[in-house]
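> sequence-free structure coming up:
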């Protein structure tokens, strides 16, 4: 092979906006010495970049502590501590406990992610003291010489010092789809990746100076993927805030100035009216549910690079699969060498051995040839053309020991041969058996000739057997059962791809992608009508993902090769194999570190658990918010005391929302993910909250007319508390459906907890819940029963009347 070596240059520019002066480096092809590395480390010229995998502990604490609702609750807590007894300040300690749980769980998730990120981290090959070794990306220093080959990600900015057919894809940075050929002295940008050839570059910008880091400085895993749950919850909280402000003002005025009560009691009841309006646990439980999902998946060697990706994969309805590395394992085996036109098989074995040695970074097909045909020492490669997914072939000019020189091509038969060549018929028969077939051809043209393949003379077919993943069929069957359609898109021969797809249970027509239209609408039609696509170029994979998305599909893309990077980046969810190229792992949201395709159903299951459970939990929290706001408005309009102290609502929230929500949010849930989170939650929360508020306030007014004397207000509050508890319990009964044994136990335990408070004297005194007489408690039960029946009918009517 030909290598181009050169010393460093000065004044090379990455772009016209940021001129770059390349510092001189001694013997760049040998790399830095240990002393030079130490000097640069001492000067801080190290590739210290933000870790993408997670937030810092400080950021986690800040995100959980300094929230809008924590500020509201905190201020009310301080006020209650001044004017009210301890039991009226319990809500503040509940918030402290919730915040602590959130921080601990996110920290656990961070530790899981960071440990997995180390396993899946790209390990660039750096040359120091003339020796190449893999090191961590963060250990790269300025002027390091970094070797690169197909699939490698450019991790820092630099200048090319060696190039051998080096082609780099910069589309993720510039949007330019065509690979850029790099020669000595050309700038390379971090964030791009190698698609063909090899070489080395010298690092000229590291750490936060690097181009891609500047672009991504503000990006983190918490914001890159769209999350309908998080967006929906933010929308809900915005509406809640708008409702709270006028209601709170009215409640403060009515309790402090309208009613002639003691100041401390009025303040306590005002606090009791404001606190339950805040759905303080909703955001917490959402974060905890995501964090625990990350921890669970981490145990299965799944690296979730962006938290909402767990939710995203549960929502996909189309999975695009690259055959190689996904349906099949990475390795292959040469099963047969078929000479053509009377070629000598012994001679062909030598040619293949020399071709294998011509590429320092062989792909899976070439590695199988290397394993089958050892190199012959007297043969020498004088020039090479690296394999490219766009070209579909590679080549080499060989000096054959006896002085003869020949140029050879190795690649796809249907690309190198004319449509009427008889060798194609034999290739077709092998492809129908699921075999991968490569053509060895001799050419009279130079490798740098754009038409090098024209007139190539076929000399042999190399037959490769692909190893099917044992878990592929079961995984695809799972997706089919879940109404998720699979599309197999591969750069291999269409017939061969179709045969492999059929072996793992994918049914449907097979199409050669070279016949597909360029128009997006027509391409979408073709994708709707067909299932398996062969001879797909990297750009076509990207176009296919876009066409499916244009029809409203949520698309997941799986892949492991450099030809999958563009499609992985554009898909709603990108899934890469751990053994895949650095570039695919860098752009994917989910990395299967153990290369097990069978892990994907686990990711879908975690997403469904999060989506389904948070929908349930959100309904519980928002019913409380709605009835709290409405109760406050009714109190203002009637000019009466607010019926509850903070301790009452702490008790009710803990038993009917807090404890049940924690278990419901983390429980298994196999319900299929459904869209329109906000509408689904609000269509139940609003009627549920209205029924609870009206029934409770009616009971409160009845009790006010019934009780008289000094302890009347306490008796009225107790009757209203009983009513609200029973209605809230029925909301929990509805939300907990469908029942399992543990859900029945959970609901029963919450009811038993309230019963204990009623019958144990010191608890009833502590929470100020003392039922007086028989008439009002029985009335409270009767009103709660009527309200619960109304809830059942109303929620069923809403479901029919306002389908989502």
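That came through, no problem. Just so it is clear, the model here is predicted, and its values are computed rather than measured.

> Could you check how many residues crowd around residue 801?
8 (other Cβ atoms under 10 Å). Glycine gets a C-beta too; all of them are placed from N, C-alpha and C.

> What of residue 746?
18.

> Wait, it touches residue 662, no?
No - Residue 746 is beyond contact range of residue 662, at 10.0 Å (criterion: Cβ atoms under 8 Å).

> Residue 366 should be in a helix, yeah?
Yes - the assignment for residue 366, made by DSSP: H, G, I helix; E, B strand; the rest coil, places it in a helix.

> Do I have it right that it meets residue 356?
Yes - assessed by Cβ under 8 Å, residue 366 is found in contact with residue 356 at 5.8 Å.

> List of residues touching the host helix or strand of residue 319?
Assigned by DSSP states H and E, residue 319 belongs to strand 318-321. Strand 318-321 has contacts (Cβ atoms under 8 Å, 6 or more residues apart in numbering) with 327, 479, 484-489, 541, 544-545, 548, 553-558, 567, 571.

> what does stretch 742-752 give?
Taking Cβ under 8 Å, 6+ apart as the rule, stretch 742-752 contacts 655, 656, 659, 660, 663, 664, 667, 729, 732, 733, 736.

> Report the mean confidence score over it.
Throughout stretch 742-752, pLDDT has a mean value of 95.

> picking up where we left off before, give me the next element, helix or strand, following the strand holding residue 319.
Later in the chain than strand 318-321, the nearest helix or strand by DSSP H and E is strand 328-339.

> after the helix or strand harbouring residue 715, next one along is what?
Here residue 715 sits within helix 712-735, counting by DSSP H and E. Using DSSP H and E, the next helix or strand after helix 712-735 towards the C-terminus is helix 741-759.

> what comes up buried for that following helix?
743, 746, 747, 750, 751, 754, 757, 758 (16 or more other Cβ atoms under 10 Å).

> Give me the number of neighbouring residues for residue 382.
14.

> Need the contact partners of the helix or strand containing it.
Using DSSP H and E, residue 382 sits within strand 380-385. When contacts are defined by Cβ under 8 Å, 6+ apart, strand 380-385 is touched by residues 1-2, 164-165, 354, 357-359, 394-399, 401, 405, 409, 447, 452.

> Run me through the strand neighbours of it, direction for each.
strand 393-399 (antiparallel) (DSSP bridges).

> Residues touching the partner strand, excluding its own?
Residues contacting strand 393-399 (Cβ under 8 Å, 6+ apart): 1, 351, 354-355, 358-359, 366, 379-388, 405-412, 415-416, 443, 446-447, 452-453.

> Quick check, central residue of the chain?
With distances taken as Cα atoms, centre = their mean, the residue of the chain nearest its centroid is residue 309 (2.2 Å).

> so it sits right up against residue 591, yeah?
No - using Cβ under 8 Å, residue 309 is not in contact with residue 591, being 10.3 Å away.

> Report the distance from stretch 133-150 to the chain centre.
28 Å (Cα atoms, centre = their mean, to the nearest Å).

> now the end-to-end length of that stretch.
Taking Cα to Cα, to the nearest Å, the first and last residues of stretch 133-150 lie 17 Å apart.

> Please apply the same query to stretch 408-421.
Stretch 408-421: ends 18 Å apart by Cα to Cα.

> And the nearest residue to residue 663 once chain neighbours are set aside, how far from residue 738?
Excluding the flanking residues, the one nearest residue 663 by Cβ to Cβ, 6 or more residues apart in numbering is residue 746, at 5.7 Å. Distance check for residue 746 against residue 738: by Cβ to Cβ, to the nearest Å, it reads 14 Å.

> cool, and residue 547?
For residue 547, the distance to residue 738 equals 38 Å [Cβ to Cβ].

> So which of these two has more stuff around it?
Comparing residue 547 with residue 738 by neighbour count (other Cβ under 10 Å), the higher total belongs to residue 547, at 24 against 6.

> ok now the strand or helix carrying that one, how far from the chain's centre?
Using DSSP H and E, residue 547 falls within helix 538-550. Chain-centre distance of helix 538-550: 19 Å, with Cα atoms, centre = their mean.

> So which residues make contact with it?
177, 195, 318, 320, 322, 389-390, 487, 489, 491, 513, 516, 518, 520-521, 523-524, 527, 533, 536, 555, 557, 562-567, 569-572.

> 7 Å - rerun?
With contact meaning Cβ atoms under 7 Å, 6 or more residues apart in numbering, helix 538-550 is reached by 177, 318, 320, 389-390, 489, 513, 516, 520, 523-524, 527, 555, 557, 563-564, 566-567, 570-571.

> Could you identify the helix or strand that succeeds the host helix or strand of residue 229?
Using DSSP H and E, residue 229 sits within helix 228-253. Using DSSP H and E, the helix or strand that follows helix 228-253 in sequence is helix 263-274.

> what packs against the following helix or strand past that next one?
Moving toward the C-terminus from helix 263-274, the next helix or strand (DSSP H and E) is helix 280-298. Helix 280-298 is packed against helix 90-120, helix 228-253, helix 600-638, helix 659-666, with contacts defined by 3 or more Cβ pairs under 7 Å, 6 or more residues apart in numbering; DSSP states H and E.

> let's see it at 8 Å
Applying 3 or more Cβ pairs under 8 Å, 6 or more residues apart in numbering; DSSP states H and E, one finds that helix 280-298 contacts helix 68-83, helix 90-120, helix 228-253, strand 302-304, helix 309-315, helix 600-638, helix 659-666.

> picking up where we left off before, what comes up buried for the helix holding residue 229?
If you call a residue buried by 16+ other Cβ under 10 Å, then helix 228-253 has these buried ones: 228-230, 232-233, 236-237, 240, 243-244, 247-248, 250-252.

> Look up the closest residue to residue 278, ignoring the ones flanking it.
Leaving aside its sequence neighbours, residue 278 sits nearest to residue 69 (Cβ to Cβ, 6+ apart; 4.8 Å).

> contacting residues for that neighbour?
237, 278, 279, 280, 283.

> roughly how far apart are the last one and residue 305?
For residue 283, the distance to residue 305 under the criterion Cβ to Cβ works out to 22 Å.

> Can you tell me which helix or strand of this protein has the lowest average pLDDT?
helix 211-216 (a mean of 54; mean pLDDT, DSSP states H and E).

> before we move on, the earlier item: what's the average pLDDT for the strand holding residue 319?
Computed over strand 318-321, the average pLDDT equals 90.
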